[in-house]
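Participant: fold the following.
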Amino acid sequence: MSESVKNYYQGIYLTETIMGNPNGDFVDNSPRNFDGRVFTTDKCIKYNIRRYIRETVEDTDQKKDIVFFYPRKSPDAKESDAKYLTKDTIFKTIFDEDFDKLLKSSPDVRMFGGTFSFKNEPKQIYGPIQLSYGKDINDAQIKRLQIGAPFADGADGKQKTTGSEAVVDDAIISYDITINPNNYPELLSQEDLDLFVESLWYGTNLRKTTSKKTDSKLLLLIKFKNDKVRGNVKALNLGELKDLIQIKNKKDRKRLKDPEKTVKIDTSALNEKLSKYHDHIEKIDVYHDPADLEIQLTLPEVEINYLEPNNLLKQ
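Facilitator: Numbers count the residues shown, from 1 in each chain. I've put the predicted structure just below:
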């Protein structure tokens, strides 16, 4: 395990969903919204991260990098069966009912914490990494599409049953990220943080079905300085940042004729906010593909690194 994270971070994460469903509700699976304003929960992003970790680095044989909060099928279940193990069963079979083993072996627990309602040893951890609900900043519209059933619904063999599904035309969702090691000191390692940012970006990109398809567009991470005298983690929070960026070319991109592909970010409000705290910022890492998104921060006193997403991948 690498050295534990010693600094406080804040960040902004942007995704884009075109003609898809960024996060369906439990009633009719339509895009979550308040009076038509599209939003998403943190759980949909955490699921993307956990899925990526499980598919890329999890090693069940060595009990290493085990994703705890993830559905696991019962050993006797067929591929098509919806039969899953309970928390207690996983805790017993994989971690020998040893909570310290779980912490050591589960990166998602070290990242996000969780509530563990085990029979003999209930636990609760407030994780160092927290994600906010996401809010659309692109004035996305919800579109309802008519679909037909693939089977006949009567003895006459005619297909009469129709259905519908709902998608967004173009939603750009903005999330806040906070990373506070003080939530559980020494729990989150630098290796965990590196895995988080990689899984956040590429795990989200793995959501590719007909209705659910989302692409990562921007990851901005602000690393704050610590107390110079005592060396303590300075838990400096600037408040929610996700609303401080806007889409400059929103109208141009929504035109049907010759739409602009590149998302151009207006950072004027974010620059104004960050400039007041520049003495407390160690550096800012900005991950994006310049072909997809344009962004420029104007903070002369701060180290700003513009990085492409391939820099997130482990070598």
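
Participant: centroid-nearest residue for the chain?
Facilitator: Closest to where the C-alpha atoms of the chain average out (C-alpha atoms, centre = their mean) is I45, at 3.2 Å.

Participant: before we move on, which element is L102 in?
Facilitator: Using DSSP states H and E, L102 maps to helix 99-105.

Participant: and that helix, average pLDDT?
Facilitator: For helix 99-105, mean pLDDT is 93.

Participant: that one - contacts with which helices or strands?
Facilitator: Counting contacts by 3 or more C-beta pairs under 8 Å, 6 or more residues apart in numbering; DSSP states H and E, helix 99-105 packs against helix 107-112. Where C-beta positions appear, they are placed from N, C-alpha and C, glycine not excepted.

Participant: is it true that the residue nearest to the centre of the chain lies in a strand?
Facilitator: No: going by DSSP: H, G, I helix; E, B strand; the rest coil, the assignment for I45 is helix, not a strand.

Participant: could you list every residue that touches it?
Facilitator: 13, 131, 134, 175, 200, 204 (C-beta atoms under 8 Å, 6 or more residues apart in numbering).

Participant: and those, which are buried?
Facilitator: Buried subset of these (neighbour count, 16 or more other C-beta atoms under 10 Å): 13, 131, 134, 175, 200, 204.

Participant: show me how far the host helix or strand of E16 is from its chain's centre.
Facilitator: Assigned by DSSP H and E, E16 belongs to strand 9-20. The gap between where strand 9-20 is centred and where its chain is centred comes out at 8 Å by C-alpha atoms, centre = their mean, to the nearest Å.

Participant: partners of that strand in the sheet?
Facilitator: Strand 9-20 has these partner strands in its sheet, going by DSSP bridges: strand 162-179 (antiparallel), strand 215-224 (antiparallel).

Participant: on that earlier part again, a markdown table please, covering the buried ones among the contacts of I45 and showing pLDDT and distance to T89.
Facilitator: Below are those laid out as a markdown table (pLDDT from 0 to 100; distance: C-beta to C-beta, whole Å):
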| residue | pLDDT | distance to T89 |
| --- | --- | --- |
| Y13 | 98 | 34 |
| L131 | 97 | 28 |
| G134 | 96 | 33 |
| Y175 | 98 | 33 |
| L200 | 97 | 29 |
| T204 | 94 | 29 |
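
Participant: and the two most separated of the residues you listed?
Facilitator: Based on C-beta to C-beta, the longest span within the buried ones among the contacts of I45 runs between G134 and L200 and measures 12.3 Å.

Participant: so where is the stretch 151-300 of the chain shaky, pLDDT-wise?
Facilitator: Where the stretch 151-300 of the chain drops to pLDDT under 70, the residues are 151-163, 210-211, 229, 256-260.

Participant: let's see it at 80
Facilitator: 151-164, 207-212, 228-231, 233, 254-260 (pLDDT under 80).

Participant: related to what we said a few turns ago, which strands border the helix or strand following the strand holding E16, and is each parallel or antiparallel?
Facilitator: On the C-terminal side of strand 9-20, the closest following helix or strand by DSSP H and E is strand 33-34. Its sheet considered, strand 33-34 pairs with strand 37-40 (antiparallel) by DSSP bridges.

Participant: which residues sit against the partner strand?
Facilitator: 22-23, 31-33, 133-136, 140, 142, 168, 171, 173, 175.

Participant: and what of stretch 164-174?
Facilitator: Contacts of stretch 164-174 (C-beta under 8 Å, 6+ apart): 12-22, 28-31, 38-40, 134-138, 140-147, 211, 217, 242-243, 245, 247, 253-254, 263.
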